[in-house]
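A.B. asks: Sequence plus predicted model, see below.
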Amino acid sequence: MTSTRALLLLGFDTLGRRAELVSLRAEDLELNTGGGGTILLRRSKTDQGGSGKYLHLSERTCRSIRDWLEAAAIGDGYLLRGVNSAKKATESLGGGQISRIYKRLARQSGVSESIVKKISGHSLRVGGAQEMLRRGASLPQIMVKGGWSKTDTVIRYVEKALVQSNHMGELPARAFLQSR
């Protein structure tokens, strides 16, 4: 379960796409003495040239990653890996496995099948963006964190939270809309 906790926290913290999450490498992790840290995303959909960018990680995420790396005896190479039947870490985790892992965890948690069917490899990306909106982040802040280049994509991701908070008269929706 250590590996899935690390995956969930990493996906939520970074708003990472599936391909980005599975490309993260253990040697690119930098832990701060205060508990949090950063990890280098070497390449992404919106950074095909590979300039890279550092992603902030919370203290909780760093703790979970440390636990995973220790349990799996990973010192370098891909950070996210599968676990085989012998309970040994595989060389890497495929992007296509992400949504299957999310769905399996949802089923184990008792989530209805109608909801499970809607879960995708981008579900934590969507949820993380919605949570940023709820906490008052502006459109540019959400775009930078998630690596989006088009505003319509971000709007589509946060639409439900935007409608809910606007309906309830909450400030985050108004501030978000004003930042457009």
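C.D. replies: Nice, thanks for sending it over.

A.B. asks: Show me how this protein divides into domains.
C.D. replies: Following automatic domain parsing, one gets these domains for the chain: 2-116, 123-178.

A.B. asks: could you redo the ones you listed as CSV and give each row mean neighbour count and mean pLDDT?
C.D. replies: C-beta coordinates here come from the backbone N, C-alpha and C atoms, glycine included. Converted to CSV, the domains of the chain look like this (neighbours: other C-beta atoms under 10 Å; pLDDT from 0 to 100):
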stretch, mean neighbour count, mean pLDDT
domain 2-116, 16, 91
domain 123-178, 16, 78
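
A.B. asks: all helices for this structure, in order.
C.D. replies: Under the criterion DSSP state H, the chain contains helices at 2-14, 18-23, 59-72, 95-108, 113-116, 123-134, 139-146, 151-167, 171-178.

A.B. asks: Quick one: closest of these to K87.
C.D. replies: With C-beta to C-beta as the criterion, K87 lies closest to helix 59-72 of these, at 9.4 Å.

A.B. asks: tell me what that closest one is packed against?
C.D. replies: Identification of packing neighbours for helix 59-72 by 3 or more C-beta pairs under 8 Å, 6 or more residues apart in numbering; DSSP states H and E yields helix 2-14, strand 29-31.

A.B. asks: Would you mind measuring from the residue lying closest to L79 once chain neighbours are set aside to S85?
C.D. replies: Distances taken as C-beta to C-beta, 6 or more residues apart in numbering put L24 closest to L79, at 4.5 Å, once the chain neighbours are dropped. Distance of L24 to S85, computed by C-beta to C-beta, to the nearest Å: 25 Å.

A.B. asks: do the same with L162
C.D. replies: Distance from L162 to S85, by C-beta to C-beta: 44 Å.

A.B. asks: Apart from its neighbours in sequence, what residue is nearest L10?
C.D. replies: Nearest to L10 is T61, by C-beta to C-beta, 6+ apart, at 5.9 Å.

A.B. asks: same check, this time on S99
C.D. replies: Closest to S99 by C-beta to C-beta, 6+ apart is G121, at 4.0 Å.

A.B. asks: Need phi/psi at the one you found.
C.D. replies: Per-residue torsions, G121: phi -70, psi -10 (degrees, to the nearest 10).
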